[in-house]
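Colleague: fold the following and give me the result.
(one chain, ligands or ions: 1)
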Amino acid sequence: MAGQIERNVPLECDVLVAGGGVAGLMAAIAAADQGAKVIVAEKANSKRSGCGATGNDHFLCYIPEVHGEDPGEFIREMNESQVGGNNDMNLVRRYVAECFERVKDWDAWGVGMREHGDWEFNGHAKPGHLRIWLKYAGKDQKIIFTKQATARGITILNHHPFTEVITDGDGRAVGGICIDLTQEYPRMQVIRAKSVILATGNANRLFGSKTMGWMFNSAGCPSNVCTGRAAAYRAGARLVNLDLTGNGAGCKYFNRGGKATWIGVYSDMNGRPLGPFVTKPSKEYGDLAGDVWREMFSLKRSQGEPVFMNCSEVSDEDLDYMLWGLTNEGNVGTLDHLKEEGFDFRKHMVEFDGKEGGGIGGGIDISVDAECTVLGLFAAGDETGNFRADMGGAATFGHIAGISAAKYSEAGRIVEAEHMAVVEERAAHYSRILERKADTATPSWKEINVAIQQVMTDYCGSDVRSEHLLTTGLRHLKRIQEKAKDVHCADGHEFMRCLEVEDLALVGELAFCSAMERKETRGKHNRVDYPFTNPMLNNKFVVIQKGEEGPEVDWRDKITN
Ligand SMILES: Cc1cc2nc3c(=O)[nH]c(=O)nc-3n(C[C@H](O)[C@H](O)[C@H](O)COP(=O)(O)OP(=O)(O)OC[C@H]3O[C@@H](n4cnc5c(N)ncnc54)[C@H](O)[C@@H]3O)c2cc1C
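Modeller: Model prediction:
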């Protein structure tokens, strides 16, 4: 390619945000409202990027006038829901106290938070229990957040994938590196910053898709490949819960999130309900079986039974409501496909399945103020490993991270980050990739990515884990890491992919190390050599951090009050 990487003149800000998704934009807006000068480095275009690109329709939200003055029951439901389990309770409490404020912000900015009159709670619910998911119309949410950000003078650098946190001699974050892909050849862009917020979303393309080979057919945004986690680790931050894994459910072969929007009943081929929650379609509850009984799909398959979403008995009014919801939640492609195939919700059932071979359950470990364990570094949204509330989590902790980073930056000073050792080291590394001849003698990013997915799914996936599988799989992954050192690219786009696969291989390694440490079975961490859930490990999180000799695994207590 172009040879040595060219460098742009360094930019400067108080708060640098990596990722212009929901968490990133909410963080940027909150920081700017505190008076901070903010730059957002976004890999794609913030108007339509990330998991919320084409919309979402459920926002986990506590509203006292709806749920009662005591949030206790709400918190119980949240903990038992698909987002519960691995959340530190101080973060949960802060979330519950602040999430409605963010909903009100969105309402004021023009996101359709009460399209049918009042606050409306439907889906992901147990019959007879409190409903905690606020239904909303998020189709154009990213355009709205981008407008809010630009109105505040925030600089959004689209097509600038973030690659590295820059730390100073004391280990403090003093800026970041991203790649400027707006020109013919990639250029390195250093951004000096008093603080950095990581918000690059969830980790896709690490485990294999159900449609192997079609790597970008993933339930979440396929461009989110755990760079924030990898960069945080390299900068010395602590990651948490990478041993745990999870995967979603949805329309078979169409790997899209959004299962809770379907108003139907999980059924067998003869239309008989499979789960215990509903026997008739319910707009209010959905069918929780897909949320809490993920083994349903593999179990039924092992019995020779496909699983269907049966919407045949949905009323006309509720069918319209479901289609409205799916349109607002980025499922337009699926609906178009069903239409093209002559699908009739009254006559046909939609085949459903579990999603990828596994997903990473954890991420960056944050404090209640969204601080990482590295000074000046913050994280929010799907990037984090000790709190999960999906869209609402991105909004609420994005906002919290923005305020915390802006406050931290008030006392900080700008450092010439471009002179830190990591910048030279990275520039040399990038140049080596760019200078390499793009031929078959060296691997392409695609070959590396497919190999990583194969190994992650087969040796660290959610169906079975053991010491022997994990040890063998890690050995394979290490070999792939070695081969990845010779990866080549033909253009700027492929160059970005080359850097992505390095991050995927690193975070994959950390997942292997974390999974080896948890010598028990817990949820989808299915250790056949330790087949029971050890009560001694209740409320214990596996944490991992960079040590002198490589990854260092440890334990910490979950914060339970
Ligand atoms: C189809 C679908 C429907 C969903 N429905 C719901 C729902 O109804 N309710 C709910 O609560 N949750 C839902 N979710 C999940 C929800 O969308 C996510 O939890 C939420 O978007 C997380 O926000 P985030 O900002 O952390 O990540 P994202 O919104 O994914 O944003 C990450 C951003 O980082 C950018 N990025 C990635 N890597 C880099 C890099 N190296 N440098 C710079 N930028 C980078 C991406 O381009 C993206 O803009 C759904 C997800 C999908 C896919």
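Colleague: near the residue of the stretch 1-150 of the chain found nearest the ligand, how many other residues are there?
Modeller: In the stretch 1-150 of the chain, the residue that lies nearest the ligand is residue 21 (1.7 Å; CB to the nearest ligand atom). To be clear about C-beta, it is placed using only N, CA and C from the backbone, and glycine gets the same treatment. The number of residues packed near residue 21 is 33, by other CB atoms under 10 Å.
Colleague: which residues sit in contact with it?
Modeller: By CB atoms under 8 Å, 6 or more residues apart in numbering, the contact list for residue 21 reads 46, 49, 50, 51, 52, 199, 200, 201, 221, 224, 381, 394.
Colleague: how near is the closest residue to residue 325 other than its chain neighbours to the ligand?
Modeller: Counting by CB to CB, 6 or more residues apart in numbering, residue 325 lies nearest to residue 261, which is 4.0 Å off, once chain neighbours are set aside. According to CB to the nearest ligand atom, to the nearest Å, residue 261 stands 7 Å off from the ligand.
Colleague: and what of residue 439?
Modeller: When residue 439 is compared with the ligand (using CB to the nearest ligand atom), they lie 27 Å apart.
Colleague: quick check: chain neighbours aside, which residue is closest to residue 430?
Modeller: With CB to CB, 6+ apart, the residue lying closest to residue 430 is residue 5, at 4.4 Å.
Colleague: I figured the one you found was touching residue 429, is that so?
Modeller: No. Between residue 5 and residue 429 there is no contact under CB atoms under 8 Å: 9.2 Å.
Colleague: element containing residue 532, please.
Modeller: According to DSSP states H and E, residue 532 maps onto no helix or strand at all.
Colleague: same deal with residue 31?
Modeller: helix 22-33.
Colleague: CA atoms of that helix as PDB?
Modeller: Taking Å, rounded to 0.1, in the frame of the first residue of the first chain, the C-alpha atoms of helix 22-33 are listed here in PDB:
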ATOM      1  CA  VAL A  22     -25.600   6.000  21.900                       C
ATOM      2  CA  ALA A  23     -23.300   6.000  25.000                       C
ATOM      3  CA  GLY A  24     -20.600   8.000  23.100                       C
ATOM      4  CA  LEU A  25     -23.000  10.700  22.000                       C
ATOM      5  CA  MET A  26     -24.700  10.900  25.300                       C
ATOM      6  CA  ALA A  27     -21.300  11.200  27.000                       C
ATOM      7  CA  ALA A  28     -20.200  13.900  24.600                       C
ATOM      8  CA  ILE A  29     -23.400  15.900  25.100                       C
ATOM      9  CA  ALA A  30     -23.200  15.700  28.900                       C
ATOM     10  CA  ALA A  31     -19.500  16.700  28.900                       C
ATOM     11  CA  ALA A  32     -20.200  19.600  26.500                       C
ATOM     12  CA  ASP A  33     -23.000  20.800  28.800                       C
END
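Colleague: other SSEs contacting that helix?
Modeller: Judged by 3 or more CB pairs under 8 Å, 6 or more residues apart in numbering; DSSP states H and E, the packing partners of helix 22-33 are strand 11-18, strand 38-41, helix 141-151, strand 187-198, helix 390-410.
Colleague: what do you get if the cut-off is 6 Å, keeping everything else the same?
Modeller: strand 11-18, strand 38-41, helix 141-151, helix 390-410 (3 or more CB pairs under 6 Å, 6 or more residues apart in numbering; DSSP states H and E).
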